[in-house]
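# the sequence and its predicted three-dimensional model are supplied below.
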Amino acid sequence: MLDDSTVSVRYMVDDVATAIDFYTRHFGFTVRTSALPAFADVTCGRLRLLLSGPKSSAGRPMSDGERPRPGGWNRIHFVTEDLAGDVKRLRDAGVPFRNDVVSGPGGSQILPRTRPAI
């Protein structure tokens, strides 16, 4: 069991293996459990991402027949001391972005594009 300071977020993905590679290689997550090709969970600090593919129990059709799927504009916030440096590192590694860095009252941010890769 994880202690109650761990935050778990289910994240629907098209390809669990690709998602594992993306989050471990680019954001420092560690694989906790792997049940490829259906499911894996990865952790980074107190964050646990439950990566659920189409073959996972979370991917089963709802009672009305609709299937859960990736998409939308869900966001996971990573706090960094060097946003420009991290953006450069990710771009150099081939990670695409949805936008350029934007700044506002809450600070600066940028959105990596994880689709269609995962």
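The structure has been received and is ready for your questions.
# pLDDT weak spots in the chain?
1-2, 115-118 (pLDDT under 70).
# longest single helix anywhere in it?
In terms of residue count, the longest helix belonging to the chain (DSSP state H) is helix 16-27.
# quick check: bridge partners of S34?
Beta-bridge partners recorded for S34 (DSSP bridges): A40.
# pull the number of nearby residues for it.
15 (other C-beta atoms under 10 Å). For the C-beta atoms, the positions are set from N, CA and C on the backbone; glycine is no exception.
# then D4?
Neighbours of D4 (other C-beta under 10 Å): 7.
# now it, what's its secondary structure?
coil (DSSP: H, G, I helix; E, B strand; the rest coil).
# which strands and helices lie in contact with the longest helix of the chain?
The contact analysis (3 or more C-beta pairs under 8 Å, 6 or more residues apart in numbering; DSSP states H and E) places helix 16-27 against strand 30-35, strand 39-44, strand 47-52.
# how far is that helix from where the chain is centred?
Once both centres are worked out by C-alpha atoms, centre = their mean, to the nearest Å, helix 16-27 turns out to sit 8 Å from its chain's centre.
# quick one: contacts for T33?
39-41 (C-beta atoms under 8 Å, 6 or more residues apart in numbering).
# got the residues you listed as JSON lines, with distance to H77 columns?
Output for those, formatted as JSON lines (distance: C-beta to C-beta, whole Å):
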{"residue": "F39", "distance to H77": "24"}
{"residue": "A40", "distance to H77": "21"}
{"residue": "D41", "distance to H77": "19"}
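# nearest to V79 among the residues you listed?
D41 (21.3 Å; C-beta to C-beta).
# residues contacting that closest one?
Neighbouring residues of D41 by C-beta under 8 Å, 6+ apart: 8, 31-33, 48-51.
# most neighbours, which of these?
Ranked by neighbour count (other C-beta under 10 Å), the contacts of D41 have L51 at the top, with 30 neighbours.
# distance of that one relative to D41?
With distances taken as C-beta to C-beta, to the nearest Å, L51 is found 7 Å from D41.
# in stretch 15-30, which residues are buried?
Residues 15-16, 18-20, 22-23, 26-27, 29 are the ones in stretch 15-30 that count as buried (16 or more other C-beta atoms under 10 Å).
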